[in-house]
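A.B. asks: Just the structure for this:
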Amino acid sequence: MKQPAIEQAKVKVYAEPRMLLSVEETARRLSIAPRTIYNGIGRRAKQRFPIPVKRFGKRPLFDSRDVEAFIDSLPTDETLDNVSSVSGGEPCLSRVSE
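C.D. replies: Predicted structure coming up:
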C-alpha cells in the first residue's frame, strides 16, 4: 500500500512573534496614558479604541502585531505635508456633529 503524501502546512511568517500586551504595555508603546485605552475599550465608550481588544477573563489584552500595524498606519510628516499643500495650507477640520 502507498502511504498518502504529507501536505506541507502553510505557515505564516511574521517579523515579530505573537505576544499579548497588557494595557500598560500597549500604552507605553503608543506613548499615551493607560486611562486613554481604558476609556476607549469600555462598554459605554463614545469613541472606540482603534486596536481590537482580546480578553482573557476580564483582563483586556492587545496583540502586539495589531499594535505595530496601527503604528505603521499612522500618517508620517511627509504625508501630512502633502495634505496641507493640497488644502492650501489651511488645517483640515472635520465637520462638528450637532
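A.B. asks: so where is the chain shaky, pLDDT-wise?
C.D. replies: Counting by pLDDT under 70, the chain contains low-confidence residues at 1-16, 80-81, 83-98.
A.B. asks: Contacts made by the strand ranked longest in the chain with the rest, please.
C.D. replies: With residue count as the measure and DSSP state E as the assignment, the chain has strand 59-63 as its longest strand. With C-beta atoms under 8 Å, 6 or more residues apart in numbering as the contact definition, strand 59-63 has outside contacts at 18-23, 26, 37, 41, 51-55. (Each C-beta comes from the backbone N, C-alpha and C, glycine too.)
A.B. asks: I'd like the residues you listed written out as CSV, with distance to D66 and neighbour count added.
C.D. replies: As requested, these are exported to CSV (distance: C-beta to C-beta, whole Å; neighbours: other C-beta atoms under 10 Å):
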residue, distance to D66, neighbour count
R18, 10, 10
M19, 11, 12
L20, 10, 14
L21, 9, 18
S22, 14, 14
V23, 14, 19
T26, 9, 24
I37, 13, 21
I41, 13, 16
I51, 5, 18
P52, 6, 11
V53, 9, 16
K54, 9, 11
R55, 14, 9
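A.B. asks: Show the backbone phi and psi for K54.
C.D. replies: Main-chain dihedrals, K54, degrees, to the nearest 10: phi -110, psi 150.
A.B. asks: Quick check, it in contact with L21.
C.D. replies: No - taking contacts as C-beta atoms under 8 Å, K54 lies outside contact range of L21: 10.0 Å.
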